[in-house]
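1. one predicted model, sequence on top.
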Amino acid sequence: MNVTPELDARFRAAAVREGIVDVRYDVVDSPVGDLLVAATERGLARIHFGSTGQEEELARVFGSRVLRSPIDDVRRELDEYFEGKRHEFDLPIDLRVAAFNEEVLRELARVPYGVTTTYGALAAKVGRPTAARAVGTVMNRNPIPIVLPCHRVLGANGSLTGYAGGLDVKLQLLQLEGAILG
């Protein structure tokens, strides 16, 4: 039996509407490559550079009912960001991380569009001025890059340092925001 695309779309929409999905995901095409985005009932839960290989991780963290389904609000806000029309995201966030990581990521979310900071400055803002390396680890494990803008965090000397999407993507995002001239 073949399922038509229309029937498939109706099935997926009904599963989301009926609340029988723990986490849904989709792939968003962007200027920095494919982004796998995932959301729960509570909000945006993941952005991953690349389009595959995250289903098991999503099931482990959020529950076994994982379904690929459009996430239109995330797609729209990311499109607006990459077009230069959006400087702040209005998406609800489902952040399931340790307390220190959450504190750092919430402070990170306050770094404005087009502005950079350092790992040390971010550590100081969360009351842990000697924890720059720990902040770097949090940035490395940021589950929602771009929306939680770890690309805006630089080394103490202003250098670009590690980024999950690659340093070329970090540079591209900073250039998009005008934080670094191209």
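-> Looks like it came in fine.
2. grab the nearest non-local neighbour of the residue most central in space within the chain.
-> What sits nearest the mean C-alpha location of the chain, by CA atoms, centre = their mean, is residue 144, with 2.2 Å. With sequence-adjacent residues excluded and distances taken as CB to CB, 6 or more residues apart in numbering, residue 144 is closest to residue 47, at 5.2 Å. Placement of C-beta: from N, CA and C, glycine included.
3. dump the residue contacts of that neighbour.
-> By CB atoms under 8 Å, 6 or more residues apart in numbering, residue 47 lies in contact with 35, 36, 37, 38, 143, 144, 145, 146, 147.
4. got the residues you listed as CSV, with pLDDT, secondary structure and distance to residue 170 columns?
-> CSV is the format used below for the contacts of residue 47 (pLDDT from 0 to 100; DSSP: H, G, I helix; E, B strand; the rest coil; distance: CB to CB, whole Å):
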residue, pLDDT, secondary structure, distance to residue 170
35, 97, strand, 14
36, 97, strand, 18
37, 98, strand, 19
38, 98, strand, 22
143, 97, coil, 17
144, 98, coil, 15
145, 98, coil, 9
146, 98, coil, 11
147, 98, coil, 15
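5. contact partners of stretch 109-125?
-> Under CB under 8 Å, 6+ apart, the answer for stretch 109-125 is 87-88, 104, 107-108, 129-136, 139, 148-149, 152-156, 158, 161, 174, 177-180.
6. tell me the buried residues within those.
-> 104, 107-108, 131-132, 134-136, 139, 148-149, 152-154, 161, 174, 177, 179-180 (16 or more other CB atoms under 10 Å).
7. which one of the contacts of residue 47 is nearest to residue 12?
-> Taking CB to CB as the measure, residue 12 lies nearest residue 38 of the contacts of residue 47, at 14.3 Å.
8. beta partners of the closest one?
-> Beta bridges link residue 38 to residue 25, residue 46, judged by DSSP bridges.
9. from what I can see it touches residue 46, true?
-> Yes: with contact defined as CB atoms under 8 Å, residue 38 reaches residue 46; the gap is 4.0 Å.
10. relative to the whole chain's centre, how far out is the host helix or strand of residue 136?
-> For residue 136, the host element (DSSP states H and E) is helix 132-140. On the basis of CA atoms, centre = their mean, to the nearest Å, helix 132-140 sits 16 Å off its chain's mean C-alpha point.
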